[in-house]
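Student: I would like to see how this sequence folds:
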Amino acid sequence: MRGVERAGSRQKKRGRLTFRFDLESVMCLVAAVVMAAVGTFMLRDLYWLDRRGEVVTATVLAESSGKNPSITVRYVTRAGQTIENDTSNYFEATVGGTIDVLYDREDPYRMQAADYGTDPWLLVGIFGAVTLFFLGFGVVGLWPERVSR
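Tutor: This is a model prediction of the structure:
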């Protein structure tokens with residue numbers, strides 16, 4: 001007898017997928033997007049400094065200490081433009097002393113200390129790992145569940 005279900009036969013029951021809304025998971029996804037954006041902008045700066053960077057000697061005008069130490073420097077670009085700018089990308093500097101800076105000839109305000117380096121792999125590693133961490137928690141938290149009928 002076709003089409004007639006026998007007593008005792010098993011039939012697979014398929015549940016429906018239910019999505020849950022978890023605020024922490026959504027915030028993790030937002031944090032992943034923010035971290036990816038910040039990392040991308042920082043990588044862009046490193047890329048242009050690496051490609052178009054020129055090294056000049058700058059005078060250290062001021063140094064601020066604290067949670068995010070930075071220095072204010074004044075330098076003259078090869079095109080003759082005098083720039084005064086701040087950077088936290090340096091290792092050592094003395095107020096009144098000189099330091100070599102690497103600046104972008106297309107955007108002379110994009111600069112950092114020349115010895116700080118333009119190797120992007122540390123930046124990619126840090127921002128990539130944090131982005132993947134937040135992305136993983138966000139996706140797992142919002143993963144659909146099967147609910148039996």
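Student: Can you show me the strands along this protein?
Tutor: Here the chain has its strands, by DSSP state E, at 16-18, 53-64, 70-76, 82-87, 98-104, 111-113, 145-147.
Student: any idea which of those strands is most buried?
Tutor: A comparison of those by mean neighbour count, using mean count of other CB atoms under 10 Å, puts strand 111-113 on top with a mean of 23. Placement of C-beta: from N, CA and C, glycine included.
Student: Given that one, what are its sheet partners and their directions?
Tutor: Its sheet considered, strand 111-113 pairs with strand 98-104 (antiparallel) by DSSP bridges.
Student: how about the longest helix along the chain: buried residues?
Tutor: As assigned by DSSP state H, the longest helix anywhere in the chain is helix 23-52. Within helix 23-52, the residues that qualify as buried are 25, 28-29, 31-32, 35-36, 39, 42, 45-46, 48-49, counting by 16 or more other CB atoms under 10 Å.
Student: what's the closest non-adjacent residue to the residue sitting nearest the centre point of the chain?
Tutor: For the chain, the residue nearest the mean C-alpha position is G39 (2.1 Å; CA atoms, centre = their mean). Leaving aside its chain neighbours, G39 sits nearest to F127 (3.0 Å; criterion: CB to CB, 6 or more residues apart in numbering).
Student: I'd like the distance between Y109 and R52.
Tutor: 13 Å (CB to CB, to the nearest Å).
Student: same thing with E63?
Tutor: Taken as CB to CB, the span from E63 to R52 is 27 Å.
Student: again with V95
Tutor: From V95 to R52 the distance is 29 Å (CB to CB).
Student: Likewise for T98?
Tutor: For T98, the distance to R52 - CB to CB - is 23 Å.
Student: and what of G96?
Tutor: 29 Å.
Student: Over to C28?
Tutor: Counting by CB to CB, the gap from C28 to R52 is 36 Å.
Student: what packs against the longest helix of the chain?
Tutor: Helices and strands touching helix 23-52, by 3 or more CB pairs under 8 Å, 6 or more residues apart in numbering; DSSP states H and E, are strand 98-104, helix 121-142.
Student: now that helix and strand 98-104, what's the angle there?
Tutor: Using axes from the mean of the first three to the mean of the last three CA atoms, to 10 degrees, the inter-axis angle of helix 23-52 relative to strand 98-104 is 100 degrees.
Student: No further questions, thank you.
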